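1. Let me see the structure of the following:
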Amino acid sequence: MTVAVAMAAVAASGGKFADQRVVLLGAGSAAAGITGQIVNAMRSEGLTEEQARQRIWLVDMRGLVHSGQPDLSAFMRDYARPFETVAGWSAGADVISLLDVVKHAHPTILIGTAAQPQAFSEAVVREMARHVERPIVFPLSNPTSKAEALPADVIAWTRGRAFVATGSPFDDVEYEGRRIRVGQCNNAYIFPGVGLGVIAAQAQRVTDAMIVAAARALSELSPARRDSSQSLLPPLTEVRQVAKHVAIAVASQAQRDGVANASSPEELQQRIEATMWTPSYLPYRHA
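-> Reported below is the predicted structural model:
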């Protein structure tokens, strides 16, 4: 889900996903899942796994994750920066802070999964915006009280240049006469389409490429691709059409990966439409 929204923002800004520099605040299970999908998406655009990992920086409660820290998990070791390459990043303290990382790594994408309210401070966001024309900022922690930043603040601090998506629902933001819509990274956009595509294609298993195909398909439906003031995600009222679009991409990729029997595009679309559940109920009246 996060990769899909990031892909949409990158496309809307005219960039290439494999060229992005990503900083994640939080190094728990959510960050592990997101980084894995980011790597897969970058690999689909030609990077090696190691090259993709080198475009990601992890920050946790101890600051930037690096090789000089003890007791790193296996996941954190995969993304730990060699200490000798970042030793000079700290502003006179033992911990290499999020602000230090933003100053030196110049991220194009900033993702929060740490449930630390207001961790994306004005100083952090403004520093990011100094180096990036269209900052992509995702305060994903929920509930709302745990969000790393408020969308209105991020948009104000970047002078309306940021693409923002959140984990909790937020109202539209009014900025200098513009109404900027804030997308919510809601799994309802992805899971139905993935499941539908797998079932309709009768796929034997789900491959990494199928998940990347789902993310890319959802990103293609982003209203922000046509108008940067619009949400990075289509309205939830269109979720059935979204699920169908995602399902076609997933099922087609399953066939290309050899985990589902081949069929024509027309037959595959018919199977997807036949598999979709329609909530149709008989009318009733009280006696």
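2. which residue packs closest to Asp257, ignoring adjacent ones?
-> Spatially, and ignoring its direct neighbours in sequence, Asp257 is nearest to Thr207 (4.8 Å; C-beta to C-beta, 6 or more residues apart in numbering). (Glycine included, C-beta is placed from N, CA and C.)
3. helices or strands up against whichever helix in the chain runs longest?
-> Longest helix in the chain by number of residues (criterion: DSSP state H): helix 239-256. The contact analysis (3 or more C-beta pairs under 8 Å, 6 or more residues apart in numbering; DSSP states H and E) places helix 239-256 against helix 191-201, helix 208-220, helix 265-275.
4. Can you check which of those gets nearest to Ala91?
-> Ala91 lies closest, by C-beta to C-beta, to one member of the helices and strands packed on helix 239-256: helix 208-220, at 36.0 Å.
5. buried ones in that closest one?
-> Across helix 208-220, burial judged by 16 or more other C-beta atoms under 10 Å covers Asp208, Ala209, Met210, Ile211, Val212, Ala213, Ala214, Ala215, Arg216, Ala217, Leu218, Ser219.
6. Just put the residues you listed in TSV and tack on pLDDT and distance to Gly183.
-> Compiled in TSV, those are given as follows (pLDDT from 0 to 100; distance: C-beta to C-beta, whole Å):
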residue	pLDDT	distance to Gly183
Asp208	96	24
Ala209	97	25
Met210	97	23
Ile211	97	20
Val212	97	20
Ala213	98	20
Ala214	98	17
Ala215	97	14
Arg216	97	16
Ala217	98	16
Leu218	98	11
Ser219	97	11
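7. Include distance to Ile34 when you put those into CSV, please.
-> Below are the buried residues of helix 208-220 laid out as CSV (distance: C-beta to C-beta, whole Å):
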residue, distance to Ile34
Asp208, 14
Ala209, 18
Met210, 17
Ile211, 12
Val212, 13
Ala213, 17
Ala214, 15
Ala215, 11
Arg216, 16
Ala217, 18
Leu218, 15
Ser219, 15
